[in-house]
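Chemist: This is the structure alone, sequence omitted:
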């Protein structure tokens, strides 16, 4: 890891500083200083990395066996595991002790904080990365074309973000990712048009006939931009561990800033690892709840669970680890 991070030791920016001269004067000179984003984010990521080393997870009341899935090991549970390729936790026939259960819940909360912090750093780094020309060239010329007919219709009906999400009926992860890709493309196209209009480079001539009112073209575009950004925010909250969007993938692939690349990769790996650990802890608590339905933690943990067929929604099942 030190070898992978070593280039950051030489990433500096030149800033003005005053130096005391021999004749009593204080001339201003340019001196090297650690890059602000590296100086702030890299120590934070290293701290998060150390928090994911769960040294206390020894002498546990459960263990894993190779060659079997939870679905195979518990056919009487009423449903199959969504991650059937993982080994099944063993030793939970009578449930966990209160001490072990509290310990797992505490570890889960710590891991979830790591997950949120790593995701936040990753998102901020991606926002700072430049949009490559290949992304601009791949987009339709208008935001309306990027949205697609279904989203345009929902936006025209002045629905709230929650109503739009319910209308889209996003049961699968890949469908949610498709909608996010469309929204990001439309948002980018509209922001370009707004910027060009403000700078006077290009008047807005696009027809927005699917919003029928007396608003000006620019007002309509800004309204659509606000709705798209609000819906995008809701989607990212509901599906916290989706793969990177097309916009972010192109930023990563064609990015030329090594510092950004290191921070993005480090934070992405930590976020994915934290999410995997959180999922495994949730599996153990789920097995505990099935083994001991009267458990004081398992009862609220599993009441009213809607088992969707997508791993992204799986984070809702782990709500007690988050609260």
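Modeler: Nice, I can see it. Because the structure is a prediction, the values reported are computed rather than measured.

Chemist: use CA for all of it now, contacts and neighbours both
Modeler: Noted.

Chemist: quick one: buried residues of the helix or strand containing residue 261?
Modeler: Here residue 261, judged by DSSP states H and E, is contained in helix 258-291. Residues of helix 258-291 classed as buried by neighbour count (16 or more other C-alpha atoms under 10 Å): 259-264, 266-268, 270-275, 277-291.

Chemist: same deal with stretch 119-129?
Modeler: So, applying 16+ other C-alpha under 10 Å, buried residues of stretch 119-129: 119, 121-122, 125-126, 129.

Chemist: Cross those against helices and list the overlap.
Modeler: Counting by DSSP state H, the part of those found in helices is 119, 121-122, 125-126.

Chemist: buried ones in the host helix or strand of residue 150?
Modeler: Per DSSP H and E, residue 150 falls inside helix 149-156. Across helix 149-156, burial judged by 16+ other C-alpha under 10 Å covers 151-152, 154-155.

Chemist: Help me confirm that residue 31 is found in a helix?
Modeler: No - looking at residue 31 with DSSP: H, G, I helix; E, B strand; the rest coil, it is strand, so not inside a helix.

Chemist: Can you spell out which residues form a bridge with it?
Modeler: When assigned by DSSP bridges, residue 31 has beta-bridge partners residue 15.

Chemist: right, and it touches residue 19 too?
Modeler: No - the criterion here is C-alpha atoms under 8 Å, and residue 31 misses it with residue 19 at 10.0 Å.

Chemist: show me what contacts residue 165?
Modeler: The contact partners of residue 165, taken as C-alpha atoms under 8 Å, 6 or more residues apart in numbering, are 231, 235.

Chemist: ok, it to residue 91 distance?
Modeler: Residue 165 is 41 Å from residue 91, where distance means C-alpha to C-alpha, to the nearest Å.

Chemist: now residue 247
Modeler: 45 Å.

Chemist: Equivalent analysis for residue 29, please.
Modeler: For residue 29, the distance to residue 91 - C-alpha to C-alpha - is 67 Å.

Chemist: which one of the two has more residues nearby?
Modeler: residue 91 (15 against 11; other C-alpha atoms under 10 Å).

Chemist: Does the more buried one touch residue 60 like I think?
Modeler: No - in this structure, residue 91 is not within contact of residue 60 by C-alpha under 8 Å, at 9.6 Å.

Chemist: list the contacts for the nearest residue to residue 16 once chain neighbours are set aside?
Modeler: Leaving aside its chain neighbours, residue 16 sits nearest to residue 30 (4.4 Å; criterion: C-alpha to C-alpha, 6 or more residues apart in numbering). Residues near residue 30 by C-alpha under 8 Å, 6+ apart: 14-17.

Chemist: now, among the residues you listed, which is nearest to residue 46?
Modeler: Distance to residue 46, by C-alpha to C-alpha, is smallest for residue 14 among these, at 25.2 Å.

Chemist: how many neighbours does the closest residue to the closest one other than its chain neighbours have?
Modeler: Nearest residue to residue 14, sequence neighbours excluded (C-alpha to C-alpha, 6+ apart): residue 32, at 4.6 Å. By the criterion of other C-alpha under 10 Å, residue 32 has 13 neighbours.

Chemist: right, and residue 32 touches residue 11 too?
Modeler: No - using C-alpha under 8 Å, residue 32 is not in contact with residue 11, being 9.3 Å away.

Chemist: Now do the strands in the protein.
Modeler: In the chain, strands defined by DSSP state E lie at 12-18, 28-34, 63-64, 89-90, listed in chain order.

Chemist: and residue 178, which of these is closest to it?
Modeler: So among the strands of the chain, strand 89-90 is nearest, using C-alpha to C-alpha, at 34.2 Å.
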